[in-house]
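Asker: no sequence for this one, just the structure:
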């Protein structure tokens, strides 16, 4: 049937210029790639692309960075920059690709690259990429000519090109007074229309400088239930369904892949009872991470002892799991109560709807475990916009004691991107810390090679005793549902950056008529 549709399409074009774009597969356009996500992106602002729900649509689809990291090898490769080099201890120079235009036809030059870096890092927009990648440190950025960008740092930064790979490039006409919902970029696709609450459609950018992607359009929809997303692929209503659980019914269309996401409870230790380290330790003893992975994640994950998985620079292979010991948890809570800690104060347990498969059940299990330890815990599930208020600094005033479920993906492959935002006391997603621990973080960030690996590994070993901000749960594995008409192999970056140009027509389904 697929080959018949392709033959008809070619014959029709040759004879009369008519179209059969809606003549197969239930009447939809065969050149449209249909993707169903767990949630609608809150924005497509490129400087927010380190947020999973935004980056999975924007990164390397609508916009592109100067350099990009290969998720398999970890190597940096050229994209909008053709080369880069360190020209002084605090300065890097990037060579800008010639002959590139934005999707609106505007030529791309070094001035746009310098503007984009300055906008994302130095502006007052409070971009997520700023705190996540650069730790709020300002950069000195200049474009001495159309093909050269120079980036200066306050102190030596051996991984600056890796950080720059997180900055998506936009035209210098882009607003610096407010974030944009629908950006213009240099990527292989551009926004065709966004029907808020319904669907988002991207069209192929026919002026794209790189290889032409197979699909003329990509249509995103969103459904919160994993079983619904899986059913849409099984019933040929979608081609790709993300964040599928093992029990969601994708069957042979389910594709498992290694994920770089780590789930954890981030404990805000600034208010009682969470400001007592015994309570934070009790939370760790209460969580049965091995049981959660086995029973709820169906083995699609690995119990975690730290914020980053194996393969990321700084991962500590010698860290043991925090033991599951409910009796020890009750003992610590009782000791704190005897010393006057108000352990009965309600603790807010905050999660995001559709954050990962079985999120609701996971939250309920944790609530039960913490209640058994003697704490009072109330679950609050929020949409992305609501949950972000408790994920990113500054947190809402008078928020009270709260524990947030986080899912952190270190797609950069270096612990700096986790530690700087989650463990520095001024980190964008940090709940609290100390000046002494900040000093250790700073020292690790200036190292290279084996010394860098060892320093970050020590930080992950020391943090539970010095700060105790996290109760780690699991290093996650991902599953997506994939139509047989699409040739695509997901990788460790897929959850954060799903490149449409990597998705090809299957060998027997090449029906492109546009």
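Answerer: Great, that's in hand. Bear in mind that the values here come from a model prediction, so they are computed numbers and not experimental data.

Asker: low-confidence stretches in this structure?
Answerer: 1-27, 508-514 (pLDDT under 70).

Asker: list the residues that contact the closest residue to residue 334 other than its chain neighbours.
Answerer: Spatial nearest neighbour of residue 334, excluding adjacent residues (C-beta to C-beta, 6 or more residues apart in numbering): residue 374 at 6.7 Å. Placement of C-beta: from N, CA and C, glycine included. Neighbour list for residue 374: 282, 329, 330, 333, 334, 337, 343 [criterion: C-beta atoms under 8 Å, 6 or more residues apart in numbering].

Asker: what residues sit buried inside the host helix or strand of the fourth one?
Answerer: Just to be clear, that refers to residue 333. Element membership of residue 333 [criterion: DSSP states H and E] is helix 326-338. Neighbour counts using 16 or more other C-beta atoms under 10 Å place 328, 329, 330, 331, 332, 333, 336, 337 of helix 326-338 among the buried residues.

Asker: of the residues you listed, which is the nearest to residue 222?
Answerer: residue 329 (37.8 Å; C-beta to C-beta).

Asker: quick check: the closest one vs residue 92, distance?
Answerer: Applying C-beta to C-beta, to the nearest Å, the value for residue 329 to residue 92 is 48 Å.

Asker: name the SS class of the nearest residue to residue 197 once chain neighbours are set aside, please.
Answerer: Residue nearest to residue 197 in three dimensions, not counting chain neighbours: residue 40, with 6.9 Å by C-beta to C-beta, 6+ apart. Reduced to three states with DSSP: H, G, I helix; E, B strand; the rest coil, the structure at residue 40 is coil.

Asker: who does residue 88 form a beta bridge with?
Answerer: residue 91 (DSSP bridges).

Asker: that one: neighbouring residues, count only.
Answerer: Residue 88: 10 surrounding residues under other C-beta atoms under 10 Å.

Asker: next: residue 187.
Answerer: Residues near residue 187, counting by other C-beta under 10 Å: 30.

Asker: quick one, what contacts residue 95?
Answerer: For residue 95, the contacting residues are 81, 82, 83, 84, 147, 148, by C-beta under 8 Å, 6+ apart.

Asker: er, residue 281 I mean
Answerer: Residue 281 makes contact with 332, 468, according to C-beta under 8 Å, 6+ apart.

Asker: helix, strand or coil for it?
Answerer: helix.

Asker: again, but for residue 408
Answerer: Using three-state DSSP, the structure places residue 408 in strand.

Asker: over to residue 84?
Answerer: strand.

Asker: wait, doesn't it sit right on residue 92?
Answerer: Yes - using C-beta atoms under 8 Å, residue 84 makes contact with residue 92 at a distance of 6.0 Å.

Asker: shared neighbours of these two, anything?
Answerer: Between them, residue 84 and residue 92 share the contacting residues residue 161, judged by C-beta under 8 Å, 6+ apart.

Asker: hang on, residue 263 in a strand?
Answerer: Yes - using three-state DSSP, the assignment for residue 263 is a strand.

Asker: that one and residue 470 touch, don't they?
Answerer: No - using C-beta under 8 Å, residue 263 is not in contact with residue 470, being 10.5 Å away.

Asker: the two: which is more packed in?
Answerer: Neighbour count, other C-beta under 10 Å: between residue 263 and residue 470, residue 470 has more, with 27 against 23.

Asker: count of neighbours near the residue nearest to that one when sequence neighbours are not counted?
Answerer: The shortest distance from residue 470 to any residue other than its chain neighbours is 4.9 Å, reached at residue 264 (C-beta to C-beta, 6+ apart). For residue 264, the count of nearby residues is 22 (other C-beta under 10 Å).

Asker: is residue 264 in a bridge, and if so with what?
Answerer: Judged by DSSP bridges, the bridge partners of residue 264 are residue 406, residue 472.

Asker: just to revisit the earlier point, out of the contacts of residue 374, flag the one nearest to residue 358.
Answerer: Nearest to residue 358 out of these is residue 329 (C-beta to C-beta; 22.8 Å).

Asker: what's near enough to touch the closest residue to residue 280 other than its chain neighbours?
Answerer: The spatial neighbour of residue 280 that comes closest, neighbours along the chain excluded (C-beta to C-beta, 6+ apart), is residue 468 at 4.3 Å. Listed by C-beta under 8 Å, 6+ apart, the contact partners of residue 468 are 267, 269, 277, 280, 281, 284.

Asker: now residue 504
Answerer: Taking C-beta under 8 Å, 6+ apart, we find residue 504 in contact with 214, 486, 487, 488.

Asker: 7 Å instead, please
Answerer: Residue 504 makes contact with 214, 487, 488, according to C-beta atoms under 7 Å, 6 or more residues apart in numbering.

Asker: what about residue 190, helix or strand, and which?
Answerer: strand 189-195.

Asker: how far off centre is whatever helix or strand comes next after that strand?
Answerer: Moving toward the C-terminus from strand 189-195, the next helix or strand (DSSP H and E) is strand 199-204. Relative to its chain's centre, strand 199-204 lies at 21 Å (C-alpha atoms, centre = their mean, to the nearest Å).

Asker: check which residues of strand 199-204 are buried.
Answerer: Using 16+ other C-beta under 10 Å as the test for burial, strand 199-204 gives 200, 201, 202, 203, 204.

Asker: one step back: out of the contacts of residue 468, who has the most neighbours?
Answerer: Using other C-beta under 10 Å as the neighbour criterion, residue 267 leads the contacts of residue 468 with 25 neighbours.

Asker: who's in contact with that residue?
Answerer: By C-beta under 7 Å, 6+ apart, residue 267 lies in contact with 274, 280, 283, 403, 431, 469, 470, 471.

Asker: from residue 472, how far off is residue 163?
Answerer: Residue 163 is 25 Å from residue 472, by C-beta to C-beta.

Asker: biggest helix in the chain by residues?
Answerer: In the chain, ranked by residue count with DSSP state H as the criterion, the top helix is helix 449-466.

Asker: ok, residues contacting that one?
Answerer: Helix 449-466 is contacted by residues 306, 313-314, 316, 319, 415, 419, 423, 434, 437, 440-441, 443-444, 447 when judged by C-beta under 7 Å, 6+ apart.

Asker: now these: which count as buried?
Answerer: Members of those classed as buried by 16+ other C-beta under 10 Å are 306, 313, 314, 316, 415, 419, 423, 437, 440, 441, 444.
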